[in-house]
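A.B. asks: here's my sequence, what's the structure:
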Amino acid sequence: MNIFKTLFQVWENEFLTWNQSDFCGIDMLTVPATRVWNPDLFIQEDASDVGTIQKSPFVRVTSDGMMYSYFRQRLTSTCQLNLWLFPFDLQKSNSINLGSVHNASTLTDISERYMVTRGEWYLAEIKMVACNVTKAAFKTSKLTYEITIIRKPMLYVVILIVPLFFLLLLDLASFFICEAKGEKLNFKVTILLSISVLLLILQDMLPSTEDKLPMIATYCVMTFGLVGISVLEAMLVGFLIELDGHRAKKAPNSACEEIQLEENHQKEAARAEEEVQVRPEKCYLPLDGPSGSHLLTLILEEVKAARQEAVGQEKDEGKPGHYTRMAEIIDYVFFVLYFLTVATFLTVMYIHWVHFYYDYVK
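C.D. replies: Model prediction:
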């Protein structure tokens with residue numbers, strides 16, 4: 001943070017007094033600053049080099065011994081950032097000087113009028129705390145300026161928080177997509193990749209030296225974890241449905257084998273009948289009526305049984321299989337739990353963000 005300041009120094013030198021009536025009414029002189037004593041000033045929070053200081057080469061001296069001097073300086077102040085509430089954070093930095101011609105409210109108004117911010121920050125207030133410090137036999141006066149700046153969060157809300165929120169809503173809406181052809185799983189994987197891109201953007205924004213994980217990082221990681229679990233659930237449901245598909249394919253194959261065996265049996269019966277027709281002297285057919293009607297009754301019963309079996313197979317094909325029903329139950333239960341978890345997570349994040357923000361501002 002760069003601060004431009006103009007420092008006025010006023011001190012009394014009892015050895016430089018005169019009676020202005022004895023010197024043609026001269027009440028003020030301008031002398032070179034190197035010819036008189038100047039008070040020592042030390043700014044603890046300055047990280048800049050001495051090349052940014054513009055000292056006045058002259059000092060004004062009045063007849064009563066008061067001396068006036070000034071210099072301009074650009075301070076490069078460094079302070080530890082607290083990114084817990086990022087991007088709704090409020091930073092405070094301390095700059096230490098020796099005096100001020102304005103009170104805190106006037107100084108804040110002047111700074112707001114002339115200060116140029118770098119886009120994402122604006123000045124909240126400037127506080128002054130004066131104290132006397134005694135170390136061994138030395139006594140010094142210290143004045144601390146506490147500069148409070150607040151980040152403008154709208155950019156980060158638009159490019160991070162809102163997109164993650166909508167991606168989470170899209171993941172909830174994906175539960176209404178049909179499982180056929182894997183469209184649901186592809187959609188969820190696309191959402192997961194989009195969140196990964198936003199995490200890369202967040203990595204470029206936050207410093208890597210922060211000890212405490214910011215809330216926005218927790219928000220992003222939790223969103224990524226929830227969508228990842230949702231992808232795993234979609235894979236499990238798709239796997240169970242595929243199991244029923246494989247079972248359905250095996251059932252027609254076994255039916256075809258039974259039909260093939262029945263056809264072979266019919267062919268063998270027809271071949272035996274031909275042999276009987278060729279050698280009529282070795283066989284005979286019953287000609288009485290009751291046995292013929294009994295044979296027709298047996299044939300009719302077999303036809304009815306085959307028809308009922310065909311109808312039963314059609315009904316079984318219309319019903320979902322065991323694994324499909326299990327997949328539907330898992331999907332329904334997971335959706336309810338997932339919805340409650342997402343709602344709780346978003347509510348807790350909102351409460352923490354608002355609660356800590358107002359506590360920090362106060």
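A.B. asks: Thr144 contacts Met128, doesn't it?
C.D. replies: Yes. Counting by CB atoms under 8 Å, Thr144 does reach Met128; the two are 7.1 Å apart. Yep, even glycine has a C-beta here, placed from its N, CA and C like the rest.
A.B. asks: count of neighbours near the nearest residue to Pro39 once chain neighbours are set aside?
C.D. replies: Computed as CB to CB, 6 or more residues apart in numbering, the closest residue to Pro39 that is not its neighbour in sequence is Trp11, at 5.5 Å. The number of residues packed near Trp11 is 13, by other CB atoms under 10 Å.
A.B. asks: give me the next element, helix or strand, following the strand or helix carrying Trp11.
C.D. replies: Here Trp11 sits within strand 2-12, counting by DSSP states H and E. Of the helices and strands lying after strand 2-12 in sequence (DSSP H and E), the nearest is strand 28-32.
A.B. asks: neighbouring strands for that following strand, and are they parallel or not?
C.D. replies: Strand 28-32 has its sheet partners listed here by DSSP bridges as strand 58-62 (antiparallel).
A.B. asks: buried sites along the strand it pairs with?
C.D. replies: 58-59, 61-62 (16 or more other CB atoms under 10 Å).
A.B. asks: need the contact list for Leu164.
C.D. replies: Leu164 sits next to 195, 198, 219-220, 223 when contact means CB atoms under 8 Å, 6 or more residues apart in numbering.
A.B. asks: mind doing that once more with 6 Å?
C.D. replies: Thr223 (CB atoms under 6 Å, 6 or more residues apart in numbering).
A.B. asks: sec struct for Glu302, please.
C.D. replies: What DSSP: H, G, I helix; E, B strand; the rest coil gives for Glu302 is helix.
A.B. asks: that one and Ser56: what is the separation?
C.D. replies: 121 Å (CB to CB, to the nearest Å).
A.B. asks: who has more neighbours out of the two?
C.D. replies: Between Glu302 and Ser56, counting by other CB under 10 Å, Ser56 is the more crowded of the two (14 against 10).
A.B. asks: dump the residue contacts of that one.
C.D. replies: For Ser56, the contact set (CB under 6 Å, 6+ apart) comprises 69-71.
A.B. asks: please redo it, this time with the cut-off set to 7 Å
C.D. replies: Contact analysis of Ser56 by CB atoms under 7 Å, 6 or more residues apart in numbering lists 33, 69-71.
A.B. asks: of those, closest to Ala327?
C.D. replies: Among the contacts of Ser56, Phe71 lies closest to Ala327 (CB to CB), at 78.0 Å.
A.B. asks: just give the number of residues close to the closest residue to that closest one other than its chain neighbours.
C.D. replies: For Phe71, ignoring the flanking residues on the chain, the nearest one in space by CB to CB, 6+ apart is Lys55 at 4.0 Å. Other residues near Lys55 come to 13 when the count uses other CB under 10 Å.
A.B. asks: can you check Ile147 too?
C.D. replies: The number of residues packed near Ile147 is 22, by other CB under 10 Å.
A.B. asks: ok but it is inside a helix, no?
C.D. replies: No. Assigned with three-state DSSP, Ile147 falls outside any helix and is strand.
A.B. asks: and the helices in the protein?
C.D. replies: 104-114, 154-156, 162-173, 183-205, 215-278, 289-318, 322-361 (DSSP state H).
A.B. asks: what mean pLDDT does the fifth one get?
C.D. replies: Looking at helix 215-278 alone, the average pLDDT works out to 69.
A.B. asks: ok, the fourth one next?
C.D. replies: Model confidence over helix 183-205 averages 88 on the pLDDT scale.
A.B. asks: got the buried residues for that helix?
C.D. replies: Neighbour counts over helix 183-205 (16+ other CB under 10 Å) mark 184-185, 187-188, 191-192, 194-195, 198-199, 202 as buried.
A.B. asks: what packs against that helix?
C.D. replies: Helix 183-205 sits against helix 162-173, helix 215-278, with contacts defined as 3 or more CB pairs under 7 Å, 6 or more residues apart in numbering; DSSP states H and E.
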